[in-house]
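1. Have a look at this prediction, sequence included:
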Amino acid sequence: MRNKTIELQPMVSEKSYAMANANNKYTFLVERYNNKIEVAKAVESKYKVKVESVNSVVKPGKMKRDLKTYKPRRERDMVKVIVTLKKGDKINEFLKI
């Protein structure tokens, strides 16, 4: 098994900002090949918090056209991950973006 690092991209929108304040749920974008257990460990190690649950939704890649050949191609699929933290834990960097 290869040693892979998970790149967590905070996904900040009005809905995710409201969920972070009200329900202690934070939203991240990760690559398609990562699973929930690996994402939970990455969030715990990076932000020093305790993760209770992880929910994931696949976001399909958008269709784009190549500028030279005008052939359609599809961007990579991403996974939107919603992480619920233990009561009392916060990710302050998420809200500063």
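-> On my side now, so go ahead. Numbering: from 1, shown residues only.

2. Assign a three-state SS to Thr84, would you?
-> With DSSP: H, G, I helix; E, B strand; the rest coil as the basis, Thr84 sits in strand.

3. I figured it hits Ser53, correct?
-> Yes: with contacts counted by C-beta atoms under 8 Å, Thr84 reaches Ser53, the gap being 4.6 Å. Bear in mind the C-beta positions are built from the backbone N, C-alpha and C, glycine included.

4. Tell me, how many residues neighbour Ile82?
-> 17 (other C-beta atoms under 10 Å).

5. sorry, that was for Glu44
-> 15.

6. I'd like the distance between it and Val57.
-> With distances taken as C-beta to C-beta, to the nearest Å, Glu44 is found 21 Å from Val57.

7. What of Ala20?
-> Distance from Ala20 to Val57, by C-beta to C-beta: 17 Å.

8. more neighbours, those two?
-> Between Ala20 and Val57, Ala20 has the larger neighbour count (other C-beta under 10 Å), namely 19 against 10.
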